[in-house]
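K.L.:
whatever this is, show me its structure:
(3 chains)
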Amino acid sequence: MDVILVGLFSLAIIKATPLVYGALCGILGERSGVINIGIEGMMLIGAFMAFMGSALFGKWTGAAFSPNLALIVGLAIGVLSAALVAALHAVLSIHYKIDQVISGTVINLLAAGITDYAANVYIDPSHLSGVGVFPEVPIPLLSQIPILGKIFFSQQPMVYFMFGLVIFLQYAIFNTPWGLRMRSVGEHPSAADTVGINVNRTRYINVILGGALAGLGGAFLVLESVGRFQKLMTAGRGFIALAVMIFGRWTPVGAFLAALLFGFAEALGVRLQFGDINHLYALVVIIAVIVLFVGAVGLIRSWVIRSRSSRSLVVNLSLIGLGALTLIAAKLIQFPDMAIPIEFLGLLPYILTILALTGLVRKAVGPAAIGRPYEKQ
Amino acid sequence: MRLEVFRITESEIAPRTATGKAVSHLSNLGVPVFAIFTALVVASLAIFLSGSNPIEAYLALAAGAFGDLDSLITTMIKTIPLLIAGLGVALAFRGGLFNIGVEGQLFVGSIAAVIVGTGFHAPIYIHIPVTLLAGIFSGALWAAIAGFLKAKYGANEVITTIMTNYIAIRIITWSIGAYGPLRKAASVVPETNSIFESARLPELIPGARLHAGILIALLAALLIFLLLFRTTLGIEIRTVGMNLHAARYAGINVNRTIVLTMALSGGLAGLAGAVQVMGLSPYNFTTGFNVGYGFDSIAVAVLGSIHPLGILLSSLLFGAMDAGARLMQLRARVPIEIITILQGLILMFVAANQIIRSLYHIRAPKGQGEVNLTQSWGGSTD
Amino acid sequence: MTTPVLQLENITKHFPGVLANASICFDLLSQEIHAVLGENGAGKTTLMNIVYGLYKPDSGRILVNNEPADIEDPNDALRAGIGMVHQHFKLVPVMTVTENLMLGHEKTRGLPLGMLGRLDRKQVSQEIRSLGERYGLRVDPDATVEDLSVGEAQRVEILKVLYKGADILILDEPTAVLTPQETEELFEIMRALVGQGKSIIFITHKLKEVRAVANRITVLRQGKVVGTTTPDAVNMAELAAMMVGRAVLLTVDRGQSHPKGVVLSVEKLTVPGKSNQPVVNDVSFGVRAGEIYGIAGVQGNGQTELVEAITGLKKSVSGNVKILGKDITNLGPRLLAHAGLAHVPEDRQKHGLVLAFSVEANLVLETYYQQPFSDGWWIHPQEMRKNAKKLVAEFDIRTPSVSIPVSSLSGGNQQKVIIARELSRAIKLLVINQPTRGLDVGSIEFIHKRIIEARDQGVAVLLISVELDEILSLSDRIGVMYNGRMVAEIPASAAKRETLGYYMAGLRVEQSANKNVS
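P.N.:
All right, here's what the predicted structure looks like:
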């Protein structure tokens, strides 16, 4: 596989990371019954405060500490601030029982306003500059694996943290008392209430924790590559995170896989702007990757649910093989140069999300009690 | 799946009955007015923190919005899209739908206006209406997708309109991008050609910038008022919005009404987009143009108690804030983005009217029906 | 079986305008099945909610094992060993049986991580299996609740209560949702439970079941204890009399009916329920112009679905419905309205009204698009106003203004709005379901008078009510529904409370199987 492709996949992981954080925020909220369309705003606040925190810490302490410490301080401040904004969403939607979509809209408006405003006041005039970004930390041994090592294990620490978080939450939501209670609150709050679970407290905790995760996602945008805050830099990622959550069927691993798809689409968009990729070649590669991806997901899925169907094993393995072969073949063939509006492939994730909602593709059904404030009888 | 949220009573959102006789209550006006006041107080904290004088800032804001004829005109120009799009959001709310996709529908309407406005030459009295209609129909069609998916499959319109937003934005970005069919030749930035003069909205007073869009917006407000409160379709929309079950029992075709409501809502958004292209120099579509109306129009609709009259006032307020911001920035050195903060705060205080009621001891009107705005993702319509 | 495990002393509970429980005394002995029998609204559920800590009594006290118990919420009740199986299950459908049972009292294994420990599904599932075996409650612990039948879900609810360590079980109308076979199984389980030392309060309104399973029976009527007895001491008729009482029949002044041609004819109608089992099963009957046909029956025996199928809100799978000979099977509500059907729905606030709309708007909810209220597009508010003023006067709707939201009216006046709306149209058939539920005496009288007037004007009236008195005092002919079937059809002149009660309880199904349908 060539450098361009490896770079593309590596970029896809980077682009997927904030989406995963955002989607995990959505999952925590909705699994407990609270819709969150304010993820965008929470990420934006997280990004802004992470930047401010690290830049000011760096500025005030000078060269006394390593810039990484400033980054970590910034990260913590970003996370806490986003959690605070999430607390506002929680109060509005749980305590005041206002429509949760309206509450999310409030969050988005406020976050956009506050960060733009504060950027004008505190960043632009003094030309406050950042302290850089987290370094890439190749993981020993794992990063030596051909291709995969470069894609998955030569990333920044926040990417690894995301991997760990996905695995942890997948475990915690489905295999611990904490997760069981959260899900019961999101599915059937009065059933949870009759066995002594505090419905509203569970919701508060989840929404606020979710906000912290959205803050991580926002901070990642700042600390990933540019190292500075740009106005409205989340650019809709909070909403795409919602799609990621739905397409991933409200599970962390599902969201991770969905985010890879969206991240790949975004990375491709970035890559195509360089104008050095043959469109037809890219098209073939994308199709091959999707085939490979579907096979791999199917394989993981049947392993997780311990399915012993040999038919699905054969199907999934042949999908993987087919994808891999196509990738290799694509490398060997000389493609003619032609302009295909390949950007439209970027629409695919959105269309798939809509189809998942309609049930035309396997129907995505969210927790039953979302959107409804809980009233004791 | 029903939600008991966002309790606004009928008399609160609309100080009138189904048959349209106004019964105004002071307390109905109270909440929005006090909400605006509270938002101004809270935002003054931000202004103060940034080292400016809030009073000076607000005075400058008012002066920038209403101080002279020129500011007044700017205010009105800024009000136009907010009024039309706010009506669109409100119409959907009335029908029990949350149209969060106004932004995309507005873009679609703009692009349709560009296509028709640059597509052919025609006399002004043909070209203008056709261009407006193109905006309306394209926005309506785009929004109707979400309505159809809701009626047929129970797909939640909040998510589907967010998705269709991105689809629209992506397609449009491509169409005005480097290789896009609508890209203006030899332009360094992504933009379309300007529409022909025959499709441009005339200025009401030559040289005064204020274009005929203001009349279109006012007409739209009147028409939506009549539609909602004086027509059979209006009764159907509101009945479905208030009580889906009763609507079904009364023999109303609920699914058809949902699709129609969404289409009308999107049609208004599309109209807003078309009017922007047709009324504002340089009469074309470019990136970064008209961004943000999706959320602003929600705030306008909610502040305006989802009633055309209220929206007339709330859009004027938001338009005035947009218009006055520049002078505020000049005089009081307060960044214009304070406006977005203010708008967010106003929406928050209007929606969480319990806060306002307890702060100012306003009594809630007694037990009336509720409007349910959100339904769960992918939930069915009942 | 002599020591009392639960005693209620002088429990009194008021709700606004209603005395739900009046100084009720009740005791439950160890290893006893004590049935609490009563009609809808007799106060059974209120009493049990007090025991389970969901309501607070105005006065009176509760003793558990001879100790005064302070039960503030369900957790207190559980701690005192009282568990309740609600009529509406409190189970999370997407979770497994095991998960539902461990919820709130989870067991973990491996590292002691508390809330983040690993759920020990295997262990709990084992425990459930052995608990189930002990009491004869067969349930697959690994099954997902939404895949279970109603009977199985109920067993899960009972298991849940047992798993939490309850010794006193309250079963609130447990058979309401069960098939006869499932009911039999439930009784077996109940007997097994008391055999193992548990005590059960069994709430029901079904006489036959009480006789089949209870050790003692306490009958409630209008919030008061009528008496406590044993199945051997009373026969069915006496029990029925205790339950329904000799309540003063609301005297309705009505003349002889003069029925004419058949308006509504229902033939072999079958309507599927949630699990595709027929909830209305092969039902046939007819209603003639100028007569009131009453359908009696215990709630939940298919009346609601029958009405929905007739009024176009639910699709039937076989059979047909005709109005004046015209086949209207499975047509929508609007076409049916055109065919002359009027419908006063069971749930007036959910289905009959738009609460936020004004009185005048609700009065034209079905006719807003017709002359004179509209010319098809524009509405004519002054005509609506005129109509409203006329109907408000005519139907004695007490409202300060016709432009205020209908939600601010009393229940009786809300119902009058619906009835005024339906009767003000040119109608051939009036389907009226639970016309007076929860209303004050004045409104009841008025509505009854209107129903009879409609009959006398030649309208065919189909009346559905769970109030036997209402059926008896209004109907010219009476059909009884039981378990989705029309089990009897009796002319009003020949109908007696007791007989109807038997049919309603499903006691004479066998004899009536070969009845004639007119």
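K.L.:
C:Ser284: which element?
P.N.:
C:Ser284 is part of strand C:278-288 when elements are defined by DSSP states H and E.
K.L.:
can you tell me how far the closest residue in space to A:Pro373 that isn't next to it in sequence is from chain C?
P.N.:
Leaving out its chain neighbours, the residue that sits closest to A:Pro373 by CB to CB, 6 or more residues apart in numbering or on different chains is A:Lys97, at 4.0 Å. All C-beta spots, glycine's among them, are computed from the backbone N, C-alpha and C. A:Lys97 is 18 Å from chain C, where distance means CB to the nearest CB, to the nearest Å.
K.L.:
how about the residues of the stretch 151-300 of chain A by chain C?
P.N.:
By CB under 8 Å from any CB of the partner chain, the residues of the stretch 151-300 of chain A that approach chain C are A:172, A:175-178, A:180-181, A:183-184, A:187-188, A:190-192, A:194-197.
K.L.:
if we can go back for a sec, next, count neighbours for the residue nearest to A:Pro373.
P.N.:
For A:Lys97, the neighbour count with other CB atoms under 10 Å in any protein chain shown is 19.
K.L.:
list the strands paired with the strand holding C:Ser284, with their directions.
P.N.:
Applying DSSP bridges to the sheet, strand C:278-288 is found paired with strand C:262-272 (antiparallel).
K.L.:
and the strand it pairs with, what's buried?
P.N.:
C:262-267, C:269-272 (16 or more other CB atoms under 10 Å in any protein chain shown).
K.L.:
what's in contact with that strand?
P.N.:
Here strand C:262-272 makes contact (CB atoms under 8 Å, 6 or more residues apart in numbering or on different chains) with C:278-289, C:302, C:305-306, C:308-310, C:314-325, C:428-429, C:460, C:462.
K.L.:
can you list the weak-confidence ranges in chain C?
P.N.:
C:1, C:17, C:40, C:177, C:179-180, C:244-252, C:275, C:508-518 (pLDDT under 70).
K.L.:
tell me the SS of the closest residue to A:Ala82 other than its chain neighbours?
P.N.:
Spatial nearest neighbour of A:Ala82, excluding adjacent residues (CB to CB, 6+ apart): A:Gly215 at 2.6 Å. Judged by DSSP: H, G, I helix; E, B strand; the rest coil, the three-state class of A:Gly215 is helix.
K.L.:
for B:Leu82, helix, strand, or coil?
P.N.:
B:Leu82 ends up helix, using three-state DSSP.
K.L.:
got the contact list for it?
P.N.:
B:Leu82 touches B:293, B:296-297, B:300, B:315, B:318-319, B:322, counting by CB under 8 Å, 6+ apart.
K.L.:
again, only using 10 Å
P.N.:
Contacts for B:Leu82 were tallied using CB atoms under 10 Å, 6 or more residues apart in numbering or on different chains; they are B:217, B:272, B:293, B:296-297, B:299-301, B:304, B:311, B:314-319, B:322.
K.L.:
ok, the residue lying closest to A:Asp337 once chain neighbours are set aside - contacts?
P.N.:
Of all residues not flanking A:Asp337 in the chain, A:Asn278 sits nearest, at 6.2 Å (CB to CB, 6+ apart). For A:Asn278, the contact set (CB under 10 Å, 6+ apart) comprises A:284-285, A:330, A:334-338, A:340.
K.L.:
and the residue of the stretch 1-150 of chain A closest to chain C?
P.N.:
A:Arg31 (11.3 Å; CB to the nearest CB).
K.L.:
pretty sure that residue sits against A:Arg183.
P.N.:
Yes - contact criterion CB atoms under 10 Å: A:Arg31 and A:Arg183 qualify, at 5.7 Å.
K.L.:
give the residues shared as contacts by the two.
P.N.:
Going by CB under 10 Å, 6+ apart, residues that sit against A:Arg31 and also against A:Arg183 are A:173, A:202, A:250, A:367.
K.L.:
can you pull out the strands in the stretch 301-450 of chain C?
P.N.:
C:318-323, C:326-327, C:341-344, C:429-433 (DSSP state E, counting those that start in this stretch).
K.L.:
now the shortest one: how far from the chain's centre is it?
P.N.:
Yep, that's strand C:326-327 we're talking about. 31 Å (CA atoms, centre = their mean, to the nearest Å).
K.L.:
now swap in stretch B:298-318 and tell me
P.N.:
Relative to the chain's own centre, stretch B:298-318 is displaced by 8 Å; criterion: CA atoms, centre = their mean.
K.L.:
near chain A, anything from it?
P.N.:
Yes - Stretch B:298-318 lies within reach of chain A by CB under 10 Å from any CB of the partner chain, at B:298-299, B:302.
K.L.:
tell me the secondary structure for the residue in the stretch 151-300 of chain C positioned nearest to chain B?
P.N.:
Closest to chain B within the stretch 151-300 of chain C is C:Lys274: 13.9 Å, counting by CB to the nearest CB. The assignment at C:Lys274 comes out as coil when based on three-state DSSP.
K.L.:
what parts of the stretch 101-250 of chain C come near chain A?
P.N.:
Counting by CB under 10 Å from any CB, the residues of the stretch 101-250 of chain C near chain A are C:101-108, C:113-119, C:121, C:145, C:160, C:164.
K.L.:
among those, which ones are buried?
P.N.:
By 16+ other CB under 10 Å, those give C:101-104, C:106, C:108, C:117-119, C:121, C:145, C:160, C:164 as buried.
K.L.:
just the ones of those residues in helices?
P.N.:
C:101-102, C:121, C:160 (DSSP state H).
K.L.:
find the nearest non-adjacent residue to residue 264, please.
P.N.:
Because you didn't say which chain, this covers chain A. A:Ala12 (4.1 Å).
K.L.:
was after chain C, sorry
P.N.:
Nearest to C:Leu264 is C:Val287, by CB to CB, 6+ apart, at 4.3 Å.
K.L.:
do the same with A:Val253
P.N.:
Per CB to CB, 6+ apart, closest to A:Val253 is A:Gln170, 4.9 Å.
K.L.:
surely the one you found is in contact with A:Phe163?
P.N.:
No - if you go by CB under 10 Å, A:Gln170 and A:Phe163 don't touch, sitting 11.1 Å apart.
K.L.:
list the contacts for the residue nearest the centre of chain C?
P.N.:
Closest residue to the average C-alpha location of chain C: C:Gln299 at 4.1 Å, with CA atoms, centre = their mean. For C:Gln299, the contacting residues are C:40, C:173, C:176, C:205, C:346, C:434, C:466, by CB under 10 Å, 6+ apart.
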